[in-house]
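In: okay, here's the prediction I keep looking at, along with the sequence it came from:
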Amino acid sequence: MSTAPRQPSSSELFLTARSRTSGTSAPVRRRVLLRHPAWLTVFASLALCALGVYTMNLTAGVQSAGIGVYAKKQLALLLVALIAGGVTVIPHYRLIGRMIPLLIVAVLAALVLLLIPFVPEFLVTPRNGARRWINLVVMDFQPSELAKVVYVLAIAYYLRYRKNYRSLQGLIPPAIITFIPMGLVLVEPDLGTALLFLPALFAMLIAAGAKLKHLAAVVLVAMVVAPSMYPLLQPHQKDRIDAVLRQMVGDTAATGDNINYQGLKAQTLIGSGGIVGLGAAKSRTVVHYNRLPEDHNDMIFSVVINRFGLFGGLLVMGLYLLWLLGATLTAAMCKDPFGRLLVVGLSAMIAAQVIVNIGMNLGLLPITGMTLPFVSYGGASLVVAFIMTGLIVNVAMRRPALLTRQSFEYDDDE
């Protein structure tokens, strides 16, 4: 007994038609890949976290028994960060792209809230003259950290199908999108975080095919204008620049107990670590009596080198290079413009933050309060770092199955 063949559904007809236009004969289905280079970023993130917790425990003091307070808190925060990163992987990154307007409004509202003077101090508590944190009881939320991710999402979404940025006038809209969050973060004040937006912007513009001569012209103008911005800096920001300049010329005798105190203490720890570092007990003692401010946070790289020496510093940089390698391979394999730019922007954020933090520990850059991603103590920093990793995994495991629009391929004469 013969039966009539089943008629294909409208959705199957649509997928079949789309597959024919892409040169395939079978209906195309979305693929979720489990083998992808983003696992390198996951491994590097976890390894850096383990190193950070171990090193953080060395800063607990010579009288501390067992795991130190900061190390315990960081382990609890790591659980929250892993959950946040895992949740970020679940929805398709294009769905996250549709939520960008809502995310922009939420982040800008949080940044503005920090600057309102009559907000109760139990909600926004100034620290050392800066208003950067919102008290969420279980942890302090730093809106500027989340602003970094939302900014990259916004620029990637804006650039994905445009090419007007290949002219000088076309660079104005991305610049406006950049300067709005930058300005709000600068007023907190948080110069270090604000400066991270620029490397991400330039990296995404280059990946999107912006003309290098235009970007070079912008950099040249910025270098000429930058000195005129010096009078606008806060007094403590000027002191940090002055501290670095004094270190470079060896003039630290009069500033070793004030503006150069933190930098010189960090360099003392680095120098005592030598090539292979000190033993755990001796390193704990040296760190304790050295009394380096923020040794568990901004200056933790100095403690890493004190414990593990030059090899430890190279290990840290190697893990970051591994993180960036996984992200770079993910971007290279992604044909979707939004996904590619998203990964490039997040990679630039992490790379710039690592360079600034290591530079200020070594005395090559002014101390700006910049954390070392995954390694430094801090809830907001750790959670956002794993959200970035989660987004990269999200892009890596969802490659477009259909023939997609070419990503940023232009002739030189365009």
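Out: Now that the structure is in, tell me what you want to look at.

In: for this structure, just list every one of the strands.
Out: Here the chain has its strands, by DSSP state E, at 134-135, 140-141.

In: comparing those by mean pLDDT, which bottoms out?
Out: When the strands of the chain are compared by mean pLDDT, strand 140-141 comes last with a mean of 79.

In: adjacent strands (with direction) for that one?
Out: Its sheet considered, strand 140-141 pairs with strand 134-135 (antiparallel) by DSSP bridges.

In: could you check how far Ser376 is from Tyr261?
Out: 20 Å (CB to CB, to the nearest Å). Where C-beta positions appear, they are placed from N, C-alpha and C, glycine not excepted.

In: who has more neighbours out of these two?
Out: Ser376 (25 against 16; other CB atoms under 10 Å).

In: coming back round to it: JSON lines for the strands of the chain, including mean neighbour count?
Out: Putting the strands of the chain into JSON lines (neighbours: other CB atoms under 10 Å) gives the following:
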{"stretch": "strand 134-135", "mean neighbour count": "16"}
{"stretch": "strand 140-141", "mean neighbour count": "16"}
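
In: which one of those strands lies nearest to Ala351?
Out: strand 140-141 (24.5 Å; CB to CB).

In: with adjacent residues omitted, what lies nearest to Cys49?
Out: The shortest distance from Cys49 to any non-neighbouring residue, by CB to CB, 6 or more residues apart in numbering, is to Phe374 (5.1 Å).

In: you'd agree the one you found is up against Gly52?
Out: Yes - the pair Phe374 / Gly52 is scored as a contact, 6.2 Å apart, by CB atoms under 8 Å.

In: quick one, what contacts Gly313?
Out: For Gly313, the contact set (CB atoms under 8 Å, 6 or more residues apart in numbering) comprises Phe301, Val304, Ile305.

In: just checking, the first one touches Leu315?
Out: No - under the criterion of CB under 8 Å, Phe301 lies out of contact with Leu315, with a separation of 11.5 Å.

In: who's more crowded, these two?
Out: Taking other CB under 10 Å, Phe301 and Leu315 do not tie; Phe301 has more neighbours (27 against 16).

In: hang on, the earlier thing: tally of neighbours for the residue nearest to Cys49?
Out: 27.

In: got it, and Ile275?
Out: With neighbours defined by other CB under 10 Å, the count for Ile275 comes to 9.

In: quick one: it and Gly309 touch, right?
Out: Yes - at 5.0 Å, Ile275 counts as touching Gly309 under the criterion of CB under 8 Å.

In: check contacts around Val42.
Out: Taking CB under 8 Å, 6+ apart, we find Val42 in contact with Gly326, Thr389, Val393.

In: which among the residues you listed end up buried?
Out: Buried by 16 or more other CB atoms under 10 Å: Gly326, Thr389, Val393, out of these.

In: state the distance from the closest residue to the first one other than its chain neighbours to Leu46.
Out: On the basis of CB to CB, 6+ apart, the spatially nearest residue to Gly326 that is not a chain neighbour turns out to be Leu40, at 3.0 Å. In this structure, Leu40 and Leu46 are separated by 11 Å, where distance is defined by CB to CB.

In: what do you get for Trp323?
Out: Distance from Trp323 to Leu46, by CB to CB: 10 Å.

In: neighbour-wise, which of the two wins?
Out: Remark: of Trp323 and Leu46, Trp323 carries more neighbours, 29 against 16, as counted by other CB under 10 Å.

In: on that earlier part again, so which of the contacts of Val42 are in helices?
Out: Assigned to helices by DSSP state H, the following of those qualify: Gly326, Thr389, Val393.

In: low-confidence regions, the stretch 201-350 of the chain specifically.
Out: The stretch 201-350 of the chain contains residues with pLDDT under 70 at 232, 249-258.

In: try 90
Out: Scanning the stretch 201-350 of the chain with the threshold set as pLDDT under 90 gives 208-266, 280, 288, 290-298, 334-336.

In: any chance of the contacts of Val42 in TSV with distance to Leu111 as columns?
Out: What follows is the contacts of Val42, written out as TSV (distance: CB to CB, whole Å):
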residue	distance to Leu111
Gly326	31
Thr389	24
Val393	27
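
In: from those, pick the one nearest Ala216.
Out: Gly326 (29.6 Å).

In: distance of that closest one from Ala154?
Out: 24 Å.

In: contacts only, for the residue lying closest to Thr268 once chain neighbours are set aside.
Out: For Thr268, ignoring the flanking residues on the chain, the nearest one in space by CB to CB, 6+ apart is Asn290 at 6.0 Å. Residues near Asn290 by CB under 8 Å, 6+ apart: Lys265, Thr268, Leu269.

In: got a winner among these for most neighbours?
Out: Counting neighbours by other CB under 10 Å, the top entry in these is Leu269, with 24 neighbours.
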